[in-house]
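>>> sequence and predicted structure are below.
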Amino acid sequence: MMRAYRAARILTMDAQRSVVEDGGIVEENGRILAVGPWKEVGGEGACHDLGSVTLVPGLINAHVHLELSHLAGRIPAGQGFAAWADGLFGAMKSVRPNPSDIERAVRSMQASGTRYVADVTGREALMVRRALDACGLGGHLFREFSGRSRSLGLQSDGMPGPWSPAVHALYSTDPVLARDVKGWCCARGLPFSLHLAEVPGENELFLDGGGDFAGFLRSRRILPKSFAPSGMSAVACAGALGLLDSRTLAVHCVHVDSHDIGHLAASGASVCLCPRSNAWIGVGAAPARALHAAGVPLCLGTDSLASNADLDLWEELRAARTLLGDDTPLADLLAMVTLNPAKALGIEREFGCLAPGRRAAWAFLPADFDPSASAPEVSRNCAR
Ligand SMILES: [Zn+2]
């Protein structure tokens with residue numbers, strides 16, 4: 001059935017027509033048929049007047065671990081990565097993931113405007129996919145690999161829905177395995193992801209094998225036996241292994257210098273910032289402004305409820321805005337949760353902007369992001 005939605009303003013994120021005042025969206029069977037001024041597109045279909053709101057494309061959370069949702073509030077904040085990781089390992093042993101916690105987390109994402117999720121899964125891919133399906137959210141599942149080198153064995157894999165393999169981190173994964181995972185994704189044109197330069201000491205580890213973080217990894221037997229310092233930073237190491245290109249989502253990138261940022265920009269990789277998770281764990285803050293200035297496509301992820309108070313992308317965007325500066329254009333902020341992750345995940349024909357043919361998936365812009373929020377309400381009547 002055809003439906004027409006009217007809103008005071010639509011920020012389409014579409015280059016053709018980015019701002020539509022007194023706008024309308026016509027959709028049928030979940031697809032957008034038309035976007036434009038209400039007087040042009042509002043003549044057909046059952047009308048739903050959404051009132052004095054600003055519509056934006058449905059938000060995309062580029063990094064979350066939904067199968068950790070049962071650990072909400074169980075891991076202490078602000079004590080650094082080692083304490084957080086030890087807390088996580090202990091909690092994971094004592095409490096099992098369950099469908100109701102995952103579904104509750106997905107519903108909270110949906111309520112705050114998220115329409116698509118890039119989720120990192122271990123064993124609970126089916127549980128996560130069922131929760132996404134139950135709530136009508138699209139999702140790409142990154143099946144995470146770490147540890148020693150081995151055959152990927154993915155041919156007969158029964159992963160539900162869109163997915164691709166990913167690497168946990170270079171400090172936990174044999175480099176040959178990391179290259180194989182990326183190669184598997186490249187051969188199929190699929191997105192790839194890894195946690196990169198998140199932890200203080202990660203660069204020191206790759207440079208010379210020393211430091212507190214290296215000691216932590218060795219004592220917990222996380223560091224692969226094959227590990228050898230490369231004499232490079234974590235980002236340079238990822239580049240040397242061929243892991244960075246336009247289909248790579250490099251997550252965190254907190255501990256990156258100007259050389260690393262240049263490397264990331266030249267590679268075409270997208271960087272997924274998780275500012276509130278970084279603050280929760282206490283690993284520092286990413287140089288978001290420098291990354292943005294270098295032209296690195298930025299995305300945003302909430303990470304999991306084991307390192308965040310909620311999975312609300314608007315809250316994440318507020319934290320990112322603090323890092324980027326209040327002078328950052330709204331379109332650049334919105335791109336981090338719409339266009340940029342859509343491109344990185346290869347779903348730009350479905351999500352990321354409001355245009356004909358795309359999914360009829362939108363969110364409401366909160367007043368504190370809306371430069372015209374104080375404008376008087378447009379007076380109008382619904383045509384039909
Ligand atoms: Zn993560």
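Structure's in. What do you need?

>>> so what's the most centrally placed residue in the chain up against?
In the chain, the centroid-proximal residue (CA atoms, centre = their mean) is Ala62; its distance is 1.2 Å. When contacts are counted by CB atoms under 8 Å, 6 or more residues apart in numbering, Ala62 touches 118, 249, 251, 270, 272, 299-301, 341, 344-345. Yep, even glycine has a C-beta here, placed from its N, CA and C like the rest.

>>> can I get these in a markdown table with distance to Asp260 and neighbour count?
Shown next, in a markdown table, are the contacts of Ala62 (distance: CB to CB, whole Å; neighbours: other CB atoms under 10 Å):
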| residue | distance to Asp260 | neighbour count |
| --- | --- | --- |
| Ala118 | 23 | 27 |
| Leu249 | 16 | 26 |
| Val251 | 14 | 27 |
| Ser270 | 15 | 26 |
| Cys272 | 15 | 28 |
| Cys299 | 17 | 30 |
| Leu300 | 20 | 27 |
| Gly301 | 19 | 32 |
| Pro341 | 21 | 32 |
| Ala344 | 18 | 30 |
| Leu345 | 23 | 29 |
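
>>> between those residues, which sits nearest Val181?
Distance to Val181 across the contacts of Ala62 (CB to CB) is lowest for Leu249, with 13.1 Å.

>>> phi, psi for the residue nearest to the centre of the chain please.
Main-chain dihedrals, Ala62, degrees, to the nearest 10: phi -90, psi 0.

>>> what pLDDT is listed against it?
Looking at Ala62, its pLDDT is 98.

>>> Glu44 too?
At Glu44, the pLDDT value in this model is 65.

>>> and the chain, what are its domains?
2-57+359-369, 59-345 (automatic domain parsing).

>>> for the protein, which segments are assigned as helices?
Ranges of helices in the chain, per DSSP state H, are 38-41, 81-94, 99-111, 125-134, 175-187, 202-208, 212-219, 234-240, 258-267, 275-281, 288-293, 313-324, 330-335, 339-345.

>>> just checking, what packs against the longest one?
In terms of contacts (3 or more CB pairs under 8 Å, 6 or more residues apart in numbering; DSSP states H and E), helix 81-94 is packed against helix 212-219, helix 275-281.

>>> neighbours of Ser304, how many?
Using other CB atoms under 10 Å, Ser304 is surrounded by 24 other residues.

>>> make that Ala250, sorry
Applying other CB under 10 Å, I find that Ala250 has 27 neighbouring residues.
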